[in-house]
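Student: 3D, please:
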Amino acid sequence: MKPLGPIPPGFGAIGGVLAVDGAPVTELVERAGDTPLFVYSSEIIRAKIARLRQAMPDRLSLHYAIKANSYIPIIKLFINLVDGFDIASGGELEIIRAAGVDTSRVSFAGPGKRDRELEAAIAAGVTLNLESEHEADRALAIADRLGVTPRLAIRVNPDFDLKGSGMKMGGGAKPFGLDAERVPDLARRIVASGAQWRGFHIFAGSQALDAEAIADTQAQTLALAARLAEKAGVALPHCNLGGGMGIPYFPGDEPVDIERVGALLAEQFERLPPVLADTAFCIELGRYLVGESGVYLARIVDRKVSHGEVFLITDGGLHHQLAASGNFGTVVRRNYPAAIATRFDAPAEEEASIVGCLCTPLDRLSDKGGFPRADVGDLVAIFCAGAYGASASPATFLGQGPALEMLV
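Tutor: Sure thing, here's the model as predicted:
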């Protein structure tokens, strides 16, 4: 049997059935009316943010990157839990507005912003994290035409990356941000233009579990921000330190020691150079805040044996959970945490693979894991489904359509 990833804390069982926030998933599926279904726990989200707030320095603000999960009820939940929101497209700006978020709390990063996206963001008072000099020129011209003072920051492509990160966003040639040596000139030009200068956005990597590596990257980020501000000769009103904190997905993964990260960042804040004395700082997190809160539920529609191997065939699949299938940037496929939700507290008694309903061998949600015997009608659960599940999977593949979603 191949090992399964660790089931996140916060889930329980009622009558042998997986429960989310005190409700059996069978009841939640009945309430939703069908499967597949993503269920998100508001209790797990609230607990995660409360612990993070306790661990981090008071000076540090917390932003939610909605690319991780743009389900509107979750965004509404976050309105009173975080200090700001980060978006990456005009479509996400529309989602933020639909959720009732004050757009002055929003920043917009991402290469390739179209003129209509820049215009909508500028008109809404969103902070633009500029990715190039050309994007700055376009933003300033659009703001001049609208007669609006734009809120502009620079996304910096740092000379370092986040060691051990699952996705490196700095440390060399990248499509993201402006190479560090070119930042001071653009910062001076933004200030001279009369735009509202909003500082730097510096994002070195994501999905890291090593507290020391995260803290080291934050220290390098602060040093880079100070160096660039001094070279530019302008005050730095705000600095987004990026994110980086990941969650355990696979066997052997251990959660980030956020208390250690917070303690080391507090030490850095105590030693800030004068140029950063009045700077407001934030971190931008997505996966860390919502990833462990979600579970993907699919129903077994067939059980078959092929050449001695058991396959539990579900009505779900990679079109909703691309990452769990190993097809979202993973080099070596490993099993996410998974369970038979309707036999949650039963011991493993057989080796089985959980697969989806798509006609491709890539549609495998769990490979030769150890499970209690399951049959047609049972529900399977794929955990760590709160981030980059529904928001990052090809839901229309083979005409299947999106899964249902529910926040409890």
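Student: pLDDT value on the closest residue to D86 other than its chain neighbours, please?
Tutor: Excluding its sequence neighbours, the residue lying closest to D86 (CB to CB, 6 or more residues apart in numbering) is A65, at 4.4 Å. Heads up, the C-betas are built off the backbone N, CA and C, glycines and all. Looking at A65, its pLDDT reads 97.
Student: contact partners for A65?
Tutor: F85, D86, A88, G243, E284, L285, G286 (CB atoms under 8 Å, 6 or more residues apart in numbering).
Student: among those, who's most crowded?
Tutor: For the contacts of A65, the largest number of neighbours (other CB atoms under 10 Å) sits with D86, at 29 neighbours.
Student: how near is it to E267?
Tutor: 26 Å (CB to CB, to the nearest Å).
Student: so S353, which state does it fall into?
Tutor: Here S353 is recorded as strand under DSSP: H, G, I helix; E, B strand; the rest coil.
Student: that one against G370, yeah?
Tutor: No. At 11.2 Å, S353 does not count as touching G370 under the criterion of CB atoms under 8 Å.
Student: neighbour count: those two, which is higher?
Tutor: S353 (19 against 15).
Student: can you read off the pLDDT for that one?
Tutor: 98.
Student: name whatever forms a beta bridge with it.
Tutor: Note on S353: beta-bridge partners by DSSP bridges are F311.
Student: mind listing what it touches?
Tutor: S353 neighbours (CB under 8 Å, 6+ apart): E309, V310, F311, L312, R364, S366, D367, K368, G369.
Student: one more: D375?
Tutor: D375 touches I300, R303, counting by CB under 8 Å, 6+ apart.
Student: can I assume it sits in a helix?
Tutor: No. Looking at D375 with three-state DSSP, it is coil, so not inside a helix.
Student: tell me how the chain divides into domains.
Tutor: Taking automatic domain parsing as the domain assignment, the record places the domains of the chain at 12-40+291-407, 70-285.
Student: any idea which of these gets closest to Q54?
Tutor: Using CB to CB as the measure, domain 70-285 is the one of the domains of the chain that comes nearest Q54, at 8.2 Å.
Student: thinking again about what came up before, for P402, see how far away the residue nearest to D86 is.
Tutor: 21 Å.
Student: mind checking which of the contacts of S353 are buried?
Tutor: V310, F311, L312, R364, S366, D367, G369 (16 or more other CB atoms under 10 Å).
Student: the third one contacts A352, correct?
Tutor: Yes. Under the criterion of CB under 8 Å, L312 lies in contact with A352, with a separation of 5.3 Å.
Student: shared neighbours, these two?
Tutor: With CB under 8 Å, 6+ apart, L312 and A352 have common neighbours F371, A374.
Student: measure V25 to E259 for me?
Tutor: For V25, the distance to E259 - CB to CB - is 32 Å.
Student: those two - which one has more neighbours?
Tutor: V25 (26 against 14).
Student: check contacts around E292.
Tutor: P8, P9, G10, I44, K48, I247, F383, C384, G386.
Student: wait, I258 touches I49, no?
Tutor: No. Judged on CB under 8 Å, I258 makes no contact with I49 at a distance of 11.2 Å.
Student: now the helices for the stretch 251-400 of the chain?
Tutor: 258-270, 287-290 (DSSP state H, counting those that start in this stretch).
Student: need these in CSV (columns: distance to T217 and mean pLDDT).
Tutor: Listed next are the helices of the stretch 251-400 of the chain as CSV, based on distance: least, CB to CB, whole Å; pLDDT from 0 to 100:
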stretch, distance to T217, mean pLDDT
helix 258-270, 10, 97
helix 287-290, 15, 97
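Student: looking at those, which is buried most?
Tutor: helix 287-290 (a mean of 27; mean count of other CB atoms under 10 Å).
Student: what are the contacting residues of that helix?
Tutor: By CB under 8 Å, 6+ apart, the list of residues contacting helix 287-290 reads 40, 45, 48-49, 52, 64, 68-69, 74, 78, 82, 206-207, 243, 245-247, 256, 386-388.
Student: can you mark which positions in stretch 375-383 are buried?
Tutor: D378, L379, V380, A381, I382, F383.
Student: low-confidence ranges in the stretch 101-250 of the chain?
Tutor: Of all residues in the stretch 101-250 of the chain, those with pLDDT under 70 make up the ranges 161-174.
Student: quick check: which ranges of the stretch 301-408 of the chain have low pLDDT?
Tutor: Counting by pLDDT under 70, the stretch 301-408 of the chain shows low-confidence ranges at 331.
Student: okay, strands next: where are they in it?
Tutor: Here the stretch 301-408 of the chain has its strands, by DSSP state E, counting those that start in this stretch, at 309-314, 338-340, 350-355, 364-371, 379-383, 404-407.
Student: next one: the shortest one to chain centre, how far?
Tutor: Meaning strand 338-340. 23 Å (CA atoms, centre = their mean, to the nearest Å).
Student: check the first one too.
Tutor: Averaged C-alpha coordinates place strand 309-314 at 30 Å from its chain's average position (CA atoms, centre = their mean).
Student: using PDB, write down the CA coordinates of it.
Tutor: Taking C-alpha atoms only, strand 309-314 is exported to PDB below (Å, rounded to 0.1, in the frame of the first residue of the first chain):
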ATOM      1  CA  GLU A 309      -6.300  -4.300  -8.300                       C
ATOM      2  CA  VAL A 310      -9.300  -2.600  -6.700                       C
ATOM      3  CA  PHE A 311     -10.700   0.600  -8.300                       C
ATOM      4  CA  LEU A 312     -13.300   2.700  -6.600                       C
ATOM      5  CA  ILE A 313     -14.800   4.700  -9.400                       C
ATOM      6  CA  THR A 314     -16.400   8.000  -8.400                       C
END
